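Asker: Sharing a model that was predicted from the sequence below.
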Amino acid sequence: MTTTTSPATVPIKFRGKGRGSRAMTPGRRVFNVINGIVLTAFALICVLPFVNVLASSLATPGEIATTPFILFPKTFTLEAYKYILSTPTIFRAMGVSAFVTIVGTFVSLVLTAFMAYALSKKHLKGRRVINFLVVFTMLFSGGMIPTFMVVNAFGLIDSLWSLILPVAINAFNFVIMRSFFQGIPESLEEAARIDGCSEFGVFLRIVLPLSLASIATIGLFYAVYYWNTYQSAILYINDSTKWPMQVLLRQIVIVASGLNADESSVDVVPPAQSIKMAVIFVATLPMLIVYPFVQRFFVKGALIGSVKG
């Protein structure tokens, strides 16, 4: 005679207890403690220098001179920030950087997405050659002087477009986005074509909505690059009224340090050390504000785009 075991006798409680016991083993406890210590130390290494920059920008010159590392100023002063906000030059430079960042990011995303989508198709003739040429530029570039000659030949000197068009497509960002597009099932695109979508319609209605993580990640890469534009502005922009933020801040630091510089580009001479710290904080703040909004896409977009294809 056989007996059947009731479902109620299944040792569900024992199974749950086993999981809990595995989670609380001494080895796991040690790992959690060490992991927490290492991550906390790494976070402090990243955060403390920035806290020092902010605190130094708010400290008095005497405290900066006597205290090598400041985390909390004894006496707060806003003289450095009053200087930055006292001149319309800083707002003009912010406007230039904002224009270059917004327009440049949009142009770069559009061109990179179009190129990556086209070259992600295996039936495209010559795609291997074009892909090779793009990747080749990651290893070898034309150089500073040939690039300057090309920009000059197109009449882009002293134009804000000289900060955008020569770097509109980044090879690394292109490879990530192309790999992401290659991971999208072809059956979705074929179904859209059967429903009457054109190739452009497939790209807009199917591919782009599925690629928001990759687009947000690449957009962050481009935005950070354009906001930090420095060398291109030094080479191509001679008019001080078209200087982006980074170039103007460099000029401010040079004037504050007492070095040779065009003092006509700034209005007053600020406190030397505190203005340097304030400059770093002002230049970093916009990216700190933007990053939390795209952070949730960052890891997903970068990793998926880099391992697929």
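Answerer: Alright, I've got the coordinates.
Asker: After the worst-scoring helix or strand of the chain on mean pLDDT, which helix or strand is next?
Answerer: In the chain, no helix or strand scores lower on mean pLDDT, DSSP states H and E than helix 12-23, which sits at a mean of 48. With elements assigned by DSSP states H and E, the helix or strand that comes after helix 12-23 is helix 26-58.
Asker: What residues of the next helix or strand after that following helix count as buried?
Answerer: Once the chain leaves helix 26-58, the next helix or strand it forms, by DSSP H and E, is helix 61-66. Going by neighbour count (16 or more other CB atoms under 10 Å), the buried part of helix 61-66 is 63-64. Where you see a C-beta, it was placed from the backbone N, CA and C, and this is true even at glycine.
Asker: Look up how far Val100 lies from Phe203.
Answerer: Phe203 sits at a distance of 27 Å from Val100 (criterion: CB to CB, to the nearest Å).
Asker: again, but for Pro209
Answerer: The gap separating Pro209 from Val100 is 28 Å, by CB to CB.
Asker: Neighbour count for those two, which is higher?
Answerer: Per other CB atoms under 10 Å, whichever of Pro209 and Val100 has more neighbours is Val100, with 22 against 9.
Asker: helix/strand/coil for the more buried one?
Answerer: Classification of Val100 using DSSP: H, G, I helix; E, B strand; the rest coil returns helix.
Asker: got it, and Ala192?
Answerer: Counting by three-state DSSP, the backbone at Ala192 sits in helix.
Asker: so it sits right up against Val202, yeah?
Answerer: Yes: with contact defined as CB atoms under 8 Å, Ala192 reaches Val202; the gap is 4.8 Å.
Asker: Could you pull out the residues contacting both of those two?
Answerer: With contacts defined as CB atoms under 8 Å, 6 or more residues apart in numbering, no residue is shared by Ala192 and Val202.
Asker: Quick check: chain neighbours aside, which residue is closest to Leu249?
Answerer: Among residues not flanking Leu249 along the chain, Val279 sits closest, at 4.5 Å (CB to CB, 6 or more residues apart in numbering).
Asker: before we move on, what about Gln273?
Answerer: Closest to Gln273 by CB to CB, 6+ apart is Ile64, at 4.8 Å.
Asker: same thing with Gly201?
Answerer: That would be Ala192: by CB to CB, 6+ apart, it lies 7.0 Å from Gly201.
Asker: Could I get the pLDDT score of that neighbour?
Answerer: With respect to pLDDT, Ala192 scores 83.
Asker: Count the residues that sit near it.
Answerer: Counted with other CB under 10 Å, residues neighbouring Ala192 total 18.
Asker: Ok, the one 10 residues further on next?
Answerer: Around Val202 there are 19 other residues, counting by other CB under 10 Å.
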